[in-house]
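Novice: generate a structure from the sequence data that follows.
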Amino acid sequence: MKKISIIVPVYNEKELLLKILEKIEVVDFGLEKEIILIDDCSTDGTKDLYENLSYKILYHSRNMGKGAALRTGFKEATGDIIIIQDADLEYNPEDYKPLVELIVSNYADVVYGSRLANKNNTSNFLFLSFLANNVLTQLTRFLFNTALTDMETCYKAFRADIIKNIEIKSNRFDFEPEVTAKILKQKVRFKELPISYNGRNNSEGKKITWKDGVQAILTLIKYRFFD
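Specialist: Model prediction:
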């Protein structure tokens, strides 16, 4: 494997985008690196930052959601490995180097970075967020007979041929349960590794809500028995 594509969905991240891009840049995979930004119709001035960036930048003409942005990014990715990076500072890009190495060394086809497997992260979650993530993960374990520890994690690394052959229909944060359900129903080598996490709250720009949690439950049930 020679190249990694890092897919970054962006929506109103003017204050943090350049900081996370700096962190991505310094991670050395020993591979050619492609960074793809998908701007999901930002309105806060984020777009003004792009003129000084040399990455591949794709635009949505209207706000469609994280899942839609990732769909766009997956189609344009040219790497052998694809990994997802949120455009904030909740996750540390240094953590996904071990995830990628499992795929490069042919020990796995899909690797998730688990926040919940790292006990040091407990105090970095809002209580309701921690509870919701645990409930959704336990439901995933029950429905799919898996030992998965963190379904909703952002850090998901895929062999490109696997994720490109999965039809993603979700437009919003229900991408996470949909792609997890479809991965777990395939015969792929799935692994998890613990990662760090520094969660933010709504006032700091966090966009997921309780409604997304309800939708995640419905999505897990839907794709367990259909599609």
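
Novice: buried set for stretch 35-44?
Specialist: 35-42 (16 or more other CB atoms under 10 Å). (C-beta placed from N, C-alpha, C; glycine too.)

Novice: with adjacent residues omitted, what lies nearest to residue 224?
Specialist: Leaving aside its sequence neighbours, residue 224 sits nearest to residue 143 (CB to CB, 6 or more residues apart in numbering; 4.5 Å).

Novice: what is the neighbour count of that neighbour?
Specialist: By other CB atoms under 10 Å, the residues close to residue 143 number 16.

Novice: report the contact partners of it.
Specialist: Shown in contact with residue 143 (CB atoms under 8 Å, 6 or more residues apart in numbering): 181, 220-221, 224.

Novice: drop anything exposed from the residues you listed.
Specialist: Taking 16+ other CB under 10 Å as the criterion, what is buried in the contacts of residue 143 is 181, 220, 224.

Novice: just the residues you listed: which are in helices?
Specialist: 181, 220, 224 (DSSP state H).

Novice: what about residue 179, neighbour count?
Specialist: 23.

Novice: per-residue confidence for it?
Specialist: Residue 179 is assigned a pLDDT of 97 by the prediction.

Novice: check residue 216 too.
Specialist: 89.

Novice: am I right that it is in a strand?
Specialist: No: Residue 216 sits outside any strand when classified using DSSP: H, G, I helix; E, B strand; the rest coil, being helix.

Novice: now do the contacts for it.
Specialist: 136, 152, 173-174, 176-177.

Novice: if you set the cut-off to 10 Å instead, what comes out?
Specialist: By CB atoms under 10 Å, 6 or more residues apart in numbering, residue 216 lies in contact with 132-133, 135-136, 139-140, 151-152, 170, 172-178, 180, 208.

Novice: what's around the nearest residue to residue 10 once chain neighbours are set aside, how many residues?
Specialist: Spatial nearest neighbour of residue 10, chain neighbours left out: residue 87 (4.4 Å); criterion: CB to CB, 6+ apart. Residue 87 is flanked by 25 other residues according to other CB under 10 Å.

Novice: hmm, back to that, now the buried members of the contacts of residue 216.
Specialist: 132-133, 136, 139-140, 151-152, 170, 172-178, 180, 208.

Novice: can I get the buried ones among the contacts of residue 143 in a markdown table with distance to residue 105?
Specialist: As requested, those are exported to a markdown table (distance: CB to CB, whole Å):
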| residue | distance to residue 105 |
| --- | --- |
| 181 | 27 |
| 220 | 31 |
| 224 | 31 |
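
Novice: which of these lies closest to residue 161?
Specialist: residue 181 (19.1 Å; CB to CB).

Novice: please determine how far the closest one is located from residue 168.
Specialist: Relative to residue 168, residue 181 is positioned 11 Å away (CB to CB, to the nearest Å).

Novice: what's the answer for residue 81, then?
Specialist: For residue 81, the distance to residue 168 - CB to CB - is 18 Å.

Novice: the more surrounded of these two?
Specialist: Remark: of residue 81 and residue 168, residue 81 carries more neighbours, 23 against 16, as counted by other CB under 10 Å.
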